[in-house]
Structures are given as C-alpha cells and as structure tokens.
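[1] Provided below for reference: sequence and predicted model.
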Amino acid sequence: MDREEWRQAIHELPVFDTHTHLNKPGVPIPAQTFWDIAHYFWFLQELWSVGYPRTAAELPEGERVEHFVSAFNAVRNTHWHHVVCHICRDLYGVPLVNAEGLCTSQAVLGVDAAVRERATQPEWAQSVVDALNIRRIAVNELGDTPFPELPNVAVAVPLWEDRHLWLDRLIATDDPAGVTKEARAAIGDRVAVLAGMGIRGMRVEAEVFDAAGRRAVAVADTLAGGPLEAWQAEALLAHACFAALSEHAMFAQLFLGIERDVSPRTAMAVNDPRRVTNLYPLFERYDCDFELVMGSPQNNMDAAQAARIYPNAHVGGLWWYNFRQSTYVHAMQVRVEAVPASKSAIIASDARCIAWCYGKILLVKWFLADFLHRQVLHDWLSEADALWVAREWLHDAAARRYVS
C-alpha cells in the first residue's frame, strides 16, 4: 500500500478513546457554537501565545472574531491549526481558511452558523463518531455516563469521589494509622461496588508520585505517628486504592508528567528521569494492572520500558504537552520495538466536545498511518502485522482492559 492507502486503511479501524471530559453537567456533547471548538483549552493556549486576549470570551462578538482571525492566521504552521481547519471542513462543510490559507471573519461566522445548526440535530454526535469509527469513549466521572446521544459508547474509569474527604481527615488527625485503616475499608467497599457494576478500573490521583517520588512510593512502609504532611496523606490514599483494586483484578489509570506548581498560571510537562522507575516497587507490590498515561515527552521511553518488564504495567495515550507528532512518532517507535502491542493504547483525546474527539483522533490516525507505512517500507513489519499493531493500539488493547 502507498501512503494514501495506508491512511485510508487506518482511517477505517475502530477506536477506543481512553480519556475525555465529555458530557459534563450542563455541557452538551456536540459543540453548540464555533467558540466551543475555538476555545478548547489546548488550542486556546496556543492562541494566547500570539496575543489572543485571555478575556476573549467576554468581548463583543465582532471584536472577538477579529482577534481570533488575527491569532489563527499567526499559528497556521501548527498541528492544532490544521486540526481546527479539518474539524470545520470535514464535520461542518465550511472551510475556515481561503485558497491562500488565511482565515477571515466571514469564514468564522459561516462555521459558527453551521455548528449551531448541527447542534440541533439529534443524530449529529453519532455521525461524528461514525466518521472515524469511534466505538467507545471513556470519562473519569461515573456521573458523566451514559451519553444521551451515544448509546453504548460511554465507559467510566472513575475517580474515588470521597478521596478529598479522607485526605482532609488524614491531614487533621493525630492518629494517622487509625484513619488510614478506616480509609482502606472505605475504598475497599467502593471498589467492590464498582466491580459489581462491571467497572474494570479507576483513575488514581497520581500527582504525589510526581511531587514526592520515592518517598510517596515508600510511605506505606514508613508511616509514623503524629500529624501527616499533605503529600504523605495523598500517598497513603493512593496505596489504599492500589490494594483495593488488586483484590478485584481491576486496573489503576495513572496520569503522570504534568506538575501543577510550575507557575501560578499554568501546569507544565516536567521531564523527570526517575519518574517511572520510582514506581517499580508499586508494580512489584500490587497485583493490579497500571496504565501509565504520560504528559512528559522524555518519559515515554521510561513508560515503555516498564511495560516491557512488568506484566502489570501498560502504556496508555499521550496527554497534554505530549500530544504532538514528534512525541507520538517517538513513542510509537519505542513501543513497536519493545512493547507487546496488546499492552499499548494510544488514544486519549482529552476532548470536551465530540468535534475535538474527531479532530485529535484524526490527527493520531494520520501519524499512525505514516509511521506504519515507513515500518513496512523498510521491512520491519509485514502489512498484516502492521495492521494488527494498529488495531491493538487504536482499540483492542484498551477494549480488553476497560470492558472485556
């Protein structure tokens, strides 16, 4: 197959999106206006970098459109720019840029009218997932399922809703051992309920392992009397989750690599060379599977190495500042060289409306098609094996872990 044939073949494969923020209370799955697409955080941040006002949502419509056009034309070399153009053209049938590659105010208004019209169509969300063969979409809030427009599509990988209550209790108590025992019983009961509902895994708050590293991993063995620091309490609750998940053969989804205290304004990817290797004792201590969702580009190799070594370590999608062609291609190369395909899921769109699920998954499918085309061209994989890898990475590996 040539490059275009590979793109078509990959385009048709089923997809399991392992992380989104769809169907939040009061936020419909379809975009309601153009601004639901244009103001998606990851793209909005890029627009801010070229002078788009941070208060744009508060500006009069005409003034906001003018600012958007100026900023959008200033970032026309980026992948996010191309994704927005494809969302507008593919889904709404309205080009956002002209023959010279420039956006105009008239184009923005035309897309906005089309978005508003599609939002009223009951079958719209289904047509979007059908366009890329998106079979299942995961959220981290149990209450965000099911999706009203998309029956049998939503999957929950829930957080522990009472975690913050137990965190406050642990920090305030003079008897951390006693409260930890109670917390373990509480999460044990909650996990048992989730298991009975058919839930296969939970997202476990993992920022403490970025911040405290080995100390957080070892805290369960070093608990002392007296008041706890916040990081110690966070780590103890994470250990309680891992233990409970192990009892029910469920998996823990860990988001790693983004640190929240880089600046007052934003969280950022921080490449810590010990980030993943610090977790090895967790993989050895607990029987649950761990899915590592990385936001720091230079830790992709470390996550793949862990998945190659440990039966219960798996690699997930690329998250936040890891979502770029350069990092995807590097991660795919590492994974195809060393990680069994059944242990790798690559889609985590982090979308907040269905249009961005489409746009980000389309981009990954292009990256994957071009990557596998090169693998076959250089005789590293046969066409049959390359298509098998693609199906595992896009859908099957996640489907077995999340719903099978």
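    Received the coordinates, thanks.
[2] distance between stretch 312-327 and the chain's centre?
    Mean-position distance between stretch 312-327 and its chain equals 8 Å (CA atoms, centre = their mean, to the nearest Å).
[3] same check, this time on stretch 237-256
    Relative to the mean C-alpha coordinate of its chain, stretch 237-256 is positioned 18 Å out (CA atoms, centre = their mean).
[4] residues of that stretch that come out buried?
    Neighbour counts using 16 or more other CB atoms under 10 Å place 237-246, 248, 250-256 of stretch 237-256 among the buried residues. All C-beta spots, glycine's among them, are computed from the backbone N, C-alpha and C.
[5] CA-only coordinates of that stretch in PDB, if you can.
    Provided in PDB are the C-alpha atoms of stretch 237-256 (Å, rounded to 0.1, in the frame of the first residue of the first chain):
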ATOM      1  CA  LEU A 237      -4.700   7.000  49.900                       C
ATOM      2  CA  ALA A 238      -3.200   6.100  46.600                       C
ATOM      3  CA  HIS A 239      -1.700   2.900  48.200                       C
ATOM      4  CA  ALA A 240      -5.200   2.100  49.600                       C
ATOM      5  CA  CYS A 241      -6.600   2.400  46.100                       C
ATOM      6  CA  PHE A 242      -4.000   0.100  44.600                       C
ATOM      7  CA  ALA A 243      -4.600  -2.500  47.300                       C
ATOM      8  CA  ALA A 244      -8.400  -2.400  46.800                       C
ATOM      9  CA  LEU A 245      -8.000  -2.600  43.000                       C
ATOM     10  CA  SER A 246      -5.700  -5.600  43.400                       C
ATOM     11  CA  GLU A 247      -8.400  -7.500  45.300                       C
ATOM     12  CA  HIS A 248     -10.800  -7.200  42.400                       C
ATOM     13  CA  ALA A 249      -8.300  -7.600  39.500                       C
ATOM     14  CA  MET A 250      -9.000  -4.100  38.400                       C
ATOM     15  CA  PHE A 251      -6.600  -1.600  36.900                       C
ATOM     16  CA  ALA A 252      -5.300   1.800  38.000                       C
ATOM     17  CA  GLN A 253      -5.000   4.600  35.500                       C
ATOM     18  CA  LEU A 254      -2.200   6.900  36.400                       C
ATOM     19  CA  PHE A 255      -1.700  10.300  34.800                       C
ATOM     20  CA  LEU A 256       1.900  11.300  35.100                       C
END
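[6] longest helix anywhere in this structure?
    Longest helix of the chain, by residue count under DSSP state H: helix 354-377.
[7] tell me what that helix is packed against?
    helix 3-11, strand 15-20, helix 34-38, helix 79-86, helix 124-132, strand 134-139, helix 325-338, helix 383-391 (3 or more CB pairs under 8 Å, 6 or more residues apart in numbering; DSSP states H and E).
[8] winner for burial among those?
    Among the helices and strands packed on helix 354-377, strand 15-20 has the highest mean neighbour count (mean count of other CB atoms under 10 Å), at a mean of 26.
[9] Send me that strand as CSV with only the CA atoms.
    Extracted as CSV, the C-alpha positions of strand 15-20 are listed here (Å, rounded to 0.1, in the frame of the first residue of the first chain):
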residue,chain,number,x,y,z
VAL,A,15,-11.1,3.4,18.1
PHE,A,16,-11.3,3.4,21.8
ASP,A,17,-10.8,6.8,23.3
THR,A,18,-9.5,6.2,26.8
HIS,A,19,-9.8,9.7,28.3
THR,A,20,-12.2,12.6,27.7
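[10] Quick one: distance of that strand to the chain centre.
    For strand 15-20, the distance to the chain centre is 7 Å (CA atoms, centre = their mean).
[11] Would you map the strands across the stretch 51-200 of the chain?
    Taking DSSP state E, counting those that start in this stretch as the test, the strands found in the stretch 51-200 of the chain are 134-139, 154-156.
[12] Show me the buried residues of stretch 237-256 that map onto strands.
    Taking DSSP state E, the ones among those that sit in strands are 251-256.
[13] From Asn278, how far out is the closest residue in space to Arg274 that isn't next to it in sequence?
    Closest residue to Arg274 apart from its sequence neighbours, by CB to CB, 6 or more residues apart in numbering: Gly213 at 6.3 Å. The gap separating Gly213 from Asn278 is 5 Å, by CB to CB, to the nearest Å.
[14] which of these two has more neighbours?
    Shown here are Gly213 and Asn278; by other CB atoms under 10 Å, Asn278 has more neighbours (20 against 16).
[15] For the residue nearest the centre of the chain, give me phi and psi.
    Closest to where the C-alpha atoms of the chain average out (CA atoms, centre = their mean) is Ala348, at 3.4 Å. The phi and psi torsions at Ala348 (degrees, to the nearest 10) take the values phi -150, psi 90.
[16] Please tell me I have it right and it contacts Leu318.
    Yes. Assessed by CB atoms under 8 Å, Ala348 is found in contact with Leu318 at 6.8 Å.
[17] Can you tell me how far Ala172 is from Leu165?
    11 Å.
[18] now swap in Trp320 and tell me
    Applying CB to CB to Trp320 and Leu165 gives a distance of 28 Å.
[19] Who has more neighbours out of the two?
    Neighbours around Trp320 and Leu165, counted as other CB under 10 Å, are more numerous at Trp320. The numbers are 19 against 12.
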